[in-house]
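Peer 1: Show me the folded form of this:
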Amino acid sequence: MRSDVFRTPSGAPARSLLRASGVTDGEMARPFVGIASSWNDIVPGHVHLDAVAREIARGVEEAGGRPFTFGVPAVCDGVAMGHGGMRYSLVSREVISDCCEIMVEAHALDGWVGVTNCDKVTPGMLMAAGRVNVPAIVFTGGAMEVGKDPRGGDSDLQTVFEALGSVRAGDMDDPLLHEIERTACPGAGSCSGLFTANTMACLTEVLGLGMGGNATTLATDPEKLRLARRAGRLIVRLIEEGRKPRDVVTAASFRNAVRVDMAIGGSTNTALHIPAIARDFGIEGVDLGLFDTISREVPHIVSMRPAGPCSMADLHAAGGIPAVMHVLLPMLEDAGTVEGKGIREIAKAAKPMGDAIRTLEEPFHAEGGIAVLKGNLAPRGAVVKQAAVSEKMMRFKGPARVFDSEEAAIEGISSGKVVPGDVVVIRYVGPKGAPGMPEMLSPTSMIAGMGLGDSVALVTDGRFSGATRGGAIGHVSPEAYEGGPIAAVRDGDTVEIDIPKRTITVHMTEKEMAKRLSSPRPIGPAPPGALSKYRELVGDGAGGAYLG
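Peer 2: Numbering: from 1, shown residues only. Predicted coordinates:
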């Protein structure tokens, strides 16, 4: 074991310090297990994770290990949305990954469990698992229960954002907005739709580093704590067997993850996270090209919010991710899991229940949830959640309304500067430009809430929340800050989007584009601290916004 370094005669100083932390003589001989807890009491997806971490620790102790809990940061994208804080969200993915690496390596831990839930924590921990490659499990904390819309039906955070747009359009009053605000997010857990947090939880299960059924088990379900206890026992077994993440996760695992992503209509943020995770596992070929290929092959068979009516609770009742994989079985490659079962074995044993999961023969859409577009506006690619785009917006052409920041776009949309038929262009919000590639949920929700969802498109070098729906194209690469073509667009230029053909173009000659791109571009003041470092190191959206 790695912790044997502490059991040699020269390990006496380290043992002395460990004793000061409460380690007993008997515990010195046990496997040392880290528990990377992202608990805090500001993020609703994480407020319950202290209890989850305690159950994992109990499981570790029952199996003969010695648990050590340490903390990592977690950003609530919904709280950070619409102001400067959102620039730190994607940055936190790398920080979380580094925190896990530092703690596991510095203390020679034999294995670790990542306790996670929200958007950037899960991919950050998965990246660390591949990079450090000691026995690991990534345990997601579960979705919150659905809210109850005072107008009838279910609600969630997306409902609140869109209601705000309705208020600004004069279609809703403040008292109703207040009631929607009070009831949309009823308690602990990640937001109840298939937004980024829950998408990544599902894909963690497919990759094999998450336990079966964990992705869709709600935060408030007592089964979550029972699963946590099992995870604690399992990590000790993995240490004893010497089974590491790279022994479990293969190139086939990533292809399967993209297949499931397409089938469930997951967040476009997976086009950033999955390639970045693959790089830390040393696996090549997981890029936008793979997403595009699989998108054309795998149908969309689960219609979840924001694309449809289902919540995570509905997916869980239908059999969860194993049931989705059961339908996809003819397309799945075999790959391993931390529990020792093969993915195809799990898929064969599952059975879809109810009608939330459709068959391959009768899908919601013939193609997968995400489409990759290219053209003279996005030579390296752009992404759109096509499962959440109405039929009339699948092909769209209109004049550009250009904004050089999210704040300017919000003001322009809310003040009526954007009208039906327009293509809103928000630029200088990419990985380097913002820096931090903030999500544009506020502008897209405002467009939807003001009744413009089927008549206005949005194109950006930033990214979107998993809650975004409509004709919203993000991750435009190269970004404006680095002189990408999006920097050349001016008000009134015709932008044409054709999702079925996978194209996005601006009607402009190469000569005119080159002339415009030769002009000085707005750079703005140097960002502070972490954002400055991030700008220097980060790659573009097409490459997963990977550092280095």
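Peer 1: how about the strands of the stretch 51-200 of the chain, start to end?
Peer 2: 66-71, 111-116, 136-140, 147-148, 154-155 (DSSP state E, counting those that start in this stretch).
Peer 1: can you give me the end-to-end distance of stretch 44-55?
Peer 2: 19 Å (CA to CA, to the nearest Å).
Peer 1: got the buried residues for that stretch?
Peer 2: With burial defined by 16 or more other CB atoms under 10 Å, the residues of stretch 44-55 counted as buried are 44-49, 51-55. For the C-beta atoms, the positions are set from N, CA and C on the backbone; glycine is no exception.
Peer 1: so how far is it off the chain centroid?
Peer 2: Averaging C-alpha positions (CA atoms, centre = their mean, to the nearest Å) puts stretch 44-55 19 Å from its chain's average.
Peer 1: Stretch 525-541 too?
Peer 2: Relative to where its chain is centred, stretch 525-541 has its mean C-alpha point 20 Å off (CA atoms, centre = their mean).
Peer 1: Buried residues in it, which are they?
Peer 2: Residues of stretch 525-541 classed as buried: 527, 530-531, 534-535, 538-541 (neighbour count, 16+ other CB under 10 Å).
Peer 1: Let's have those residues in a markdown table, adding distance to V419 and secondary structure.
Peer 2: Listed next are the buried residues of stretch 525-541 as a markdown table, based on distance: CB to CB, whole Å; DSSP: H, G, I helix; E, B strand; the rest coil:
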| residue | distance to V419 | secondary structure |
| --- | --- | --- |
| P527 | 34 | coil |
| A530 | 39 | helix |
| L531 | 34 | helix |
| Y534 | 36 | helix |
| R535 | 35 | helix |
| V538 | 35 | strand |
| G539 | 36 | coil |
| D540 | 32 | coil |
| G541 | 28 | helix |
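Peer 1: Of those, which is the nearest to V23?
Peer 2: Comparing the buried residues of stretch 525-541 against V23 with CB to CB places A530 closest, at 33.7 Å.
Peer 1: Need the per-residue pLDDT for the residue nearest to that closest one when sequence neighbours are not counted.
Peer 2: Distance criterion CB to CB, 6 or more residues apart in numbering; nearest residue to A530, sequence neighbours excluded, is V91 at 5.8 Å. Note for V91: predicted pLDDT of 97.
Peer 1: I'd guessed V91 sits against L531; true?
Peer 2: Yes: using CB atoms under 8 Å, V91 is in contact with L531, at 6.7 Å.
Peer 1: which residues are common contacts for those two?
Peer 2: 435-436 (CB atoms under 8 Å, 6 or more residues apart in numbering).
Peer 1: can you list contacts of the helix or strand that contains S532?
Peer 2: Taking DSSP states H and E as the criterion, S532 maps to helix 529-537. Contact with helix 529-537 is made by 87-88, 91, 94-95, 431-432, 434-436, 526-527, 547-548, as judged by CB under 8 Å, 6+ apart.
Peer 1: Just name the closest of those residues to D404, please.
Peer 2: Of the contacts of helix 529-537, the one sitting nearest to D404 (CB to CB) turns out to be A434, at 11.1 Å.
Peer 1: Distance of that closest one relative to S442?
Peer 2: Going from A434 to S442 by CB to CB, to the nearest Å gives 14 Å.
Peer 1: So between the two, which is more surrounded?
Peer 2: A side-by-side neighbour count of A434 and S442, using other CB atoms under 10 Å, places A434 first with 28 against 23.
Peer 1: Please state the backbone phi and psi of the more buried one?
Peer 2: The phi/psi pair for A434 (degrees, to the nearest 10) reads phi -60, psi -50.
Peer 1: residues in contact with it?
Peer 2: 87, 428, 462, 531.
Peer 1: Now the first one: closest residue in space that isn't a chain neighbour?
Peer 2: Nearest in space to R87, with sequence neighbours left out and distances taken as CB to CB, 6+ apart, is G436 at 3.4 Å.
Peer 1: again, but for K374
Peer 2: Per CB to CB, 6+ apart, closest to K374 is G381, 5.4 Å.
Peer 1: elements contacting whatever helix or strand that neighbour lives in?
Peer 2: Element membership of G381, judged by DSSP H and E, is strand 378-385. Strand 378-385 sits against helix 288-297, strand 370-375, strand 472-477, with contacts defined as 3 or more CB pairs under 8 Å, 6 or more residues apart in numbering; DSSP states H and E.
Peer 1: Just name the most buried of these.
Peer 2: Most buried of the helices and strands packed on strand 378-385, by mean neighbour count (mean count of other CB atoms under 10 Å): strand 472-477, with a mean of 29.
Peer 1: on that earlier part again, the residue nearest to K374 contacts H475, correct?
Peer 2: Yes: judged on CB under 8 Å, G381 makes contact with H475 at a distance of 7.0 Å.
Peer 1: can you list residues touching both of these two?
Peer 2: A542.
Peer 1: Quick check: which ranges of the chain have low pLDDT?
Peer 2: By pLDDT under 70, the chain contains no weakly predicted segment.
Peer 1: So which residue is smack in the middle of it?
Peer 2: Centroid-nearest residue in the chain, with CA atoms, centre = their mean: T196, separated by 3.6 Å.
Peer 1: Please report how far that residue lies from G45.
Peer 2: Counting by CB to CB, the gap from T196 to G45 is 11 Å.
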